[in-house]
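K.L.:
Kindly generate the corresponding structure for this input.
(one chain, ligands or ions: 2)
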Amino acid sequence: MPAENIVCVKCTSVLDKSMIADVEVDLCPKCGGLWLDKGEITKLAAMADPELGDLRAALVGKSGPPPVPSETKQNCPACPGSLKEVVLGPVHVDYCGKCHGIFLDRGELDEAVVAVRAKGPKQVLAVAAKAAQAS
Ligand SMILES: [Zn+2]
Ligand SMILES: [Zn+2]
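P.N.:
Ligands and ions are numbered 1, 2, ... in the order given. Okay, the predicted model is just below:
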């Protein structure tokens, strides 16, 4: 089960829960990061653009410092696992191999959604899961 309060991987603010259609996502109020529990990227990719627009609007205007690239191993905000940087289409995202959550930096949402739509969620997530297991 996801933790009650998920803390931003990049800036340690407590994330705000936000409903986008029937998906509850966790947004960072400070840096615009986005935490997606397992399967949520698939649901977002399946949404029509007007619905996704709500999420974009929620992310726009966050004006924290630009996310710092993660070089060290990061703990998963939702489980005792750790995050690994994996390639999701054109973007690098932080992926938890244990609970299969994904952390997207501000601006990565659209590209991740496009990649999932283009290749199919199974394909994209299988690659991410494999990369997270490696090393
Ligand atoms: Zn943040
Ligand atoms: Zn996790």
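
K.L.:
Now the top helix by length along the chain: average pLDDT?
P.N.:
The residue-count maximum for a helix in the chain (DSSP state H) belongs to helix 121-133. Averaged over helix 121-133, pLDDT sits at 86.

K.L.:
Can you mark which positions in that helix are buried?
P.N.:
By neighbour count on 16 or more other Cβ atoms under 10 Å, the buried set for helix 121-133 is 121, 124-125, 127-129, 131-132. Glycine gets a C-beta too; all of them are placed from N, C-alpha and C.

K.L.:
Closest one of those to ligand 2?
P.N.:
When these are compared for distance to ligand 2 (Cβ to the ion), A132 wins out at 10.0 Å.

K.L.:
coming back round to it: name the surrounding residues that touch the longest helix of the chain.
P.N.:
41-42, 45, 84, 86-89, 93, 95-97, 100, 102, 115-116 (Cβ atoms under 8 Å, 6 or more residues apart in numbering).

K.L.:
low pLDDT regions in this protein?
P.N.:
1-3, 61-72, 135 (pLDDT under 70).

K.L.:
gap between the residue most central in space within it and P50?
P.N.:
Geometric centre of the chain, nearest residue: F103, 3.0 Å, by Cα atoms, centre = their mean. Per Cβ to Cβ, to the nearest Å, F103 is found 25 Å from P50.

K.L.:
got it, and V113?
P.N.:
14 Å.

K.L.:
cool, and A58?
P.N.:
In terms of Cβ to Cβ, A58 sits 14 Å off from P50.

K.L.:
Tell me which of the two has more neighbours.
P.N.:
A58 (17 against 8; other Cβ atoms under 10 Å).

K.L.:
how about the closest residue to the residue nearest to the centre of the chain other than its chain neighbours, what does it touch?
P.N.:
Residue nearest to F103 in three dimensions, not counting chain neighbours: D94, with 4.1 Å by Cβ to Cβ, 6 or more residues apart in numbering. By Cβ under 8 Å, 6+ apart, D94 lies in contact with 9, 70, 74, 83-86, 102-103.
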